[in-house]
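Colleague: Need a 3D model of the following:
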Amino acid sequence: MSSNSIKIFTGNSHPELAKLVASRMGMDLAKVMVMKYSNQETAVTIGESVRDEDVFIIQSGCGEINDNLMELLIMINACKTASARRITAVIPCFPYARQDKKDKSRAPISAKLVANMLTVSGANHVITMDLHASQIQGFFNIPVDNLYCEPSMIKYIREQIENWRNAIIVSPDAGGAKRVTVWNFDDTPSKIAQLLDRATSIADRLNLDFALIHKERKKANEVSRMVLVGEVTGKIAILVDDMADTCGTLGLAAKTLVENGATKVYAIVAHGILSGKAIQVINDSFIEKLVVTNTIPHEEKRIDTIDISPTLAEAIRRTHNGESVSYLFSHAPE
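Modeller: Predicted coordinates:
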């Protein structure tokens, strides 16, 4: 790979991950200054030439989400007006991904708005990980590669969970549909088919059984009842979900599993948002260990982290060299 034809930039959302990706590729991060004026406007100065370069901008949707999104949009536009050959937005955790549909009267589809803004700002390509809803890819009229944390999660289970062959994979709610079985009684037959197609992904690859928890909500972020479907007695239960925000669902799911005979409960999550009292909820729950990827930065030392920088670095390398990235859908780079 020619290092003088590719540049990797990052904003302030997750510089540690960007450094890991650049290091994996044997490169340094390109120079950029991102700051705020006294009136809170975001200012960006690209510190080196990007003319006819293949530019990758790594910026996750976390922390001060709106500020970080504006940083990304402005960096994309700055590179576009500086004559970059191609601009790829690498967004490990896509912002506003949960606002992907009109679920009530006069509700916005904010994920579509973000997609529009990225395109208008000048992005030619988007690389993201474990979208909350796969249909978000259809909000774009530019190529989108939605990578998966699943191969890295499988590697973690095999290497880090003792006696994992006596485990059962469990989905705590419909958000886990990307990896394990989910049943939502409001789903259409086509949607259920899509969920069930993905249902046994981790369980099949590990040759394990799976179970699901049907979750009923009275209102957002408040679960009224959980019903376990499956047999977990005497097994290690591994909860798999795409994101953990307040962790109320994981806490209640772990309690339900233990009450139904599970010996231990692990939770493995793609995006560890961990807002509010999430850490306290986990510490007070029956969860033996919470495992998250580093798509979002966190400083809690008692949480295990799966490093997904090798996957992002390989996706960038393959994109730059015009190679297929589909290998990464089912394999974790060594």
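Colleague: ok, Ala262 touching Ala237?
Modeller: Yes - under the criterion of C-beta atoms under 8 Å, Ala262 makes contact with Ala237 at 4.1 Å. For every residue, glycine as well, the C-beta is placed using N, CA and C.
Colleague: Neighbour count: these two, which is higher?
Modeller: Applying other C-beta atoms under 10 Å to Ala262 and Ala237 shows that Ala237 carries more neighbours, namely 28 against 24.
Colleague: isn't there a helix covering the more buried one?
Modeller: No - with DSSP: H, G, I helix; E, B strand; the rest coil as the criterion, Ala237 is located in strand rather than a helix.
Colleague: residues in contact with it?
Modeller: Ala237 is in contact with 167-168, 170, 211, 254, 257, 262, 264-266, counting by C-beta atoms under 8 Å, 6 or more residues apart in numbering.
Colleague: Among those residues, which lie within strands?
Modeller: 167-168, 170, 211, 264-266 (DSSP state E).
Colleague: Of the residues you listed, grab the buried ones for PyMOL.
Modeller: Buried members of the ones in strands among the contacts of Ala237, defined by 16 or more other C-beta atoms under 10 Å, are picked up in PyMOL with:
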select buried, resi 167+168+170+211+264+265+266
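Colleague: which one among the ones in strands among the contacts of Ala237 gets closest to Glu53?
Modeller: Nearest to Glu53 out of the ones in strands among the contacts of Ala237 is Tyr266 (C-beta to C-beta; 42.8 Å).
Colleague: which non-adjacent residue is nearest that closest one?
Modeller: Ile238 (4.9 Å; C-beta to C-beta, 6 or more residues apart in numbering).
Colleague: residues contacting that neighbour?
Modeller: Here Ile238 is in contact with 157, 161, 164, 167-170, 265-268 (C-beta under 8 Å, 6+ apart).
Colleague: now those residues as JSON lines including distance to Cys62 and pLDDT?
Modeller: Converted to JSON lines, the contacts of Ile238 look like this (distance: C-beta to C-beta, whole Å; pLDDT from 0 to 100):
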{"residue": "Ile157", "distance to Cys62": "25", "pLDDT": "95"}
{"residue": "Ile161", "distance to Cys62": "26", "pLDDT": "95"}
{"residue": "Trp164", "distance to Cys62": "29", "pLDDT": "95"}
{"residue": "Ala167", "distance to Cys62": "29", "pLDDT": "95"}
{"residue": "Ile168", "distance to Cys62": "31", "pLDDT": "94"}
{"residue": "Ile169", "distance to Cys62": "26", "pLDDT": "92"}
{"residue": "Val170", "distance to Cys62": "26", "pLDDT": "90"}
{"residue": "Val265", "distance to Cys62": "26", "pLDDT": "96"}
{"residue": "Tyr266", "distance to Cys62": "23", "pLDDT": "96"}
{"residue": "Ala267", "distance to Cys62": "19", "pLDDT": "95"}
{"residue": "Ile268", "distance to Cys62": "18", "pLDDT": "94"}
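Colleague: Tabulate these (a markdown table), appending distance to Ser38.
Modeller: Formatted as a markdown table, those follow (distance: C-beta to C-beta, whole Å):
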| residue | distance to Ser38 |
| --- | --- |
| Ile157 | 49 |
| Ile161 | 50 |
| Trp164 | 54 |
| Ala167 | 54 |
| Ile168 | 55 |
| Ile169 | 51 |
| Val170 | 50 |
| Val265 | 49 |
| Tyr266 | 47 |
| Ala267 | 43 |
| Ile268 | 43 |
